[in-house]
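Novice: Give me a model of this one.
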Amino acid sequence: MSTLKPLQIDVVSDVVCPWCYIGKHRIESALALVPDVPVKLNFRPFFLNPWVPRDGISREDYLTTKFGSVEAYKGIAGRVVAAASEEGLLYKPELVARQPNTTDCHRLILWAEAIGKAPEMKQRLMELYFRDGGDLTDVNVLVQAAADVGLDAEDVRRRLASDEDVARVSADAQEAAEKGISGVPTYVFAQKYAVSGAQDPNLLARAIRQVSAEINAQAAE
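Specialist: Take a look at the predicted model:
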């Protein structure tokens, strides 16, 4: 049994952020490199596009508003698709037809956290969006995704129809923004050190080991 104090890592990210999709894989790869370090991994909400309405908008309108045109995004997308592929992840931007507001996605991740399935919930939503072009504004898609990771489908449908935890998710995202987090993913170690961007797993592993050693040395004093 390890007597080390677990290192808290808060991953601040959004479900529709392609670098967050890559970054989730990289932090998990980093954890695999330091299996002896106890870690508590938390997924925290961030709204990459807070201006997108709750019922979403067409992907074309989104890309035009954000990048100037659909064509303008293609060059950017190509680089991200290649980076995702290097991680063994599929990103098919041409399949995405609708740009969601991610409030409901973050609610699902929060509810999945209660049964220890937040990473699985986040992964499922990201795969639906990036790999399958799934419509994350469709309540049936969200309910099925929740059921896929072990949540009760009808309970989730009922909760999604309410405002349960909308204020909480919004407040958590606002708190991240107020702490100066503007780019995601951002990894916050022990609530004091922040590393921004989908960093190399080796770099993240070194940071995990270093901060864990520091907090355990302080705890021993």
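Novice: drop to CA atoms for contacts and neighbour counts, all remaining ones
Specialist: Will do.
Novice: Check what contacts stretch 214-221 and list those residues.
Specialist: For stretch 214-221, the surrounding residues in contact (Cα atoms under 8 Å, 6 or more residues apart in numbering) are 4, 5, 7, 190.
Novice: Quick one: which of these is the most crowded by neighbours?
Specialist: residue 7 (22 neighbours; other Cα atoms under 10 Å).
Novice: low-scoring stretches of this structure, by residue?
Specialist: The chain contains residues with pLDDT under 70 at 1-2.
Novice: in the protein, which spans are strands?
Specialist: 7-13, 39-45, 57-58, 98-99, 186-189, 193-196 (DSSP state E).
Novice: between these, which gets nearest to residue 89?
Specialist: strand 7-13 (17.2 Å; Cα to Cα).
Novice: what separates that closest one from the chain centre, distance-wise?
Specialist: 10 Å (Cα atoms, centre = their mean, to the nearest Å).
Novice: For it, buried residues please.
Specialist: 7, 8, 9, 10, 11, 12, 13 (16 or more other Cα atoms under 10 Å).
Novice: One more: stretch 172-185?
Specialist: Result for stretch 172-185 [16+ other Cα under 10 Å]: buried residues 173, 176, 181, 184, 185.
Novice: Can I get the longest helix along the chain in CSV? Just the C-alpha atoms.
Specialist: Criterion DSSP state H: the longest helix present in the chain is helix 201-220. The C-alpha coordinates for helix 201-220 follow below in CSV (Å, rounded to 0.1, in the frame of the first residue of the first chain):
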residue,chain,number,x,y,z
PRO,A,201,3.3,12.8,-22.2
ASN,A,202,7.0,12.7,-21.0
LEU,A,203,6.8,16.3,-20.0
LEU,A,204,3.5,15.8,-18.1
ALA,A,205,4.9,12.7,-16.4
ARG,A,206,8.0,14.7,-15.2
ALA,A,207,5.6,17.4,-13.9
ILE,A,208,3.5,14.7,-12.1
ARG,A,209,6.5,13.2,-10.4
GLN,A,210,8.0,16.5,-9.4
VAL,A,211,4.8,18.0,-7.9
SER,A,212,3.9,14.8,-6.2
ALA,A,213,7.3,14.7,-4.6
GLU,A,214,6.9,18.3,-3.5
ILE,A,215,3.5,17.9,-1.9
ASN,A,216,4.5,14.7,-0.1
ALA,A,217,7.7,16.4,1.2
GLN,A,218,5.5,19.2,2.5
ALA,A,219,3.1,16.7,4.1
ALA,A,220,6.0,15.0,5.9
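Novice: Compute the inter-axis angle for it and strand 7-13.
Specialist: 140 degrees (axes from the mean of the first three to the mean of the last three Cα atoms, to 10 degrees).
Novice: Between strand 39-45 and helix 201-220, find me the angle.
Specialist: 110 degrees.
Novice: neighbours of residue 115, just the number please.
Specialist: 11.
Novice: my bad, residue 201
Specialist: 19.
Novice: again with residue 144
Specialist: Neighbour tally, residue 144, other Cα under 10 Å: 17.
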